[in-house]
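next come a sequence and a model predicted from it.
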Amino acid sequence: MDNSKKYKILLVEDDESLSNVYVTRFEAEGFDIRRVGNGEDALATAINYQPDIILLDIMMPKVDGFDVLDILKNTNKTKDLKIIMLSALSQEMDIDKAKKLGADDYLIKSEVTIADVVEKIKKELN
């Protein structure tokens, strides 16, 4: 990874305690991370903050992750953003839907550790 650049991550997650763990870990890894708790804020923040990558939950208040993904991928300013879905949904149809909408990857919360997620993000940013 290019250490002279501080990569920006947007974490879209409504679970406060999980978010805090991720924010702490990514900051320790040297990332600039911002967290929002719903899809509506995710859309505004994606445009203003211009992250290098977005970690996006699916089940959230206001606008769900699928809609956020769809809108971001169909908006000129954000269409090239790397987006990794991080969800409790493990159904094949959810994974397929996310990939069809343009997700770069799909991680199932119960199957990954925070270390796995950090590694995945580092790989995506290289």
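Perfect, thanks for sending it. Numbers count the residues shown, from 1 in each chain.

any regions of this protein where pLDDT drops low?
Along the chain, segments meeting pLDDT under 70 span 1-4.

break down it into its helices, ranges please.
16-28, 39-49, 65-73, 92-100, 114-125 (DSSP state H).

ends of stretch 79-99, what's the gap?
14 Å (CA to CA, to the nearest Å).

off-centre distance for that stretch?
The chain centre lies 10 Å from the centre of stretch 79-99; the measure is CA atoms, centre = their mean, to the nearest Å.

quick one: buried residues of it?
81, 82, 83, 84, 85, 86, 87, 89, 94, 95, 97, 98 (16 or more other CB atoms under 10 Å). For the C-beta atoms, the positions are set from N, CA and C on the backbone; glycine is no exception.

which among these gets closest to residue 124?
The closest of these to residue 124 turns out to be residue 82 (CB to CB; 5.3 Å).

quick check: closest non-adjacent residue to the closest one.
Distance criterion CB to CB, 6 or more residues apart in numbering; nearest residue to residue 82, sequence neighbours excluded, is residue 53 at 4.4 Å.

also residue 35?
Excluding the flanking residues, the one nearest residue 35 by CB to CB, 6+ apart is residue 11, at 4.4 Å.

determine the number of other residues adjacent to the one you found.
25 (other CB atoms under 10 Å).

go on, residue 74?
Using other CB under 10 Å, residue 74 is surrounded by 11 other residues.

report the contact partners of the residue nearest to residue 82.
By CB atoms under 8 Å, 6 or more residues apart in numbering, the residues touching residue 53 are 7, 8, 9, 10, 81, 82, 83, 84, 121, 124, 125.

swap in residue 124?
Listed by CB under 8 Å, 6+ apart, the contact set of residue 124 reads 53, 82, 84, 104, 105.

again, only using 7 Å
53, 82, 84, 104 (CB atoms under 7 Å, 6 or more residues apart in numbering).

wait, the residue nearest to residue 35 sits on residue 20?
No - if you go by CB atoms under 7 Å, residue 11 and residue 20 don't touch, sitting 10.2 Å apart.
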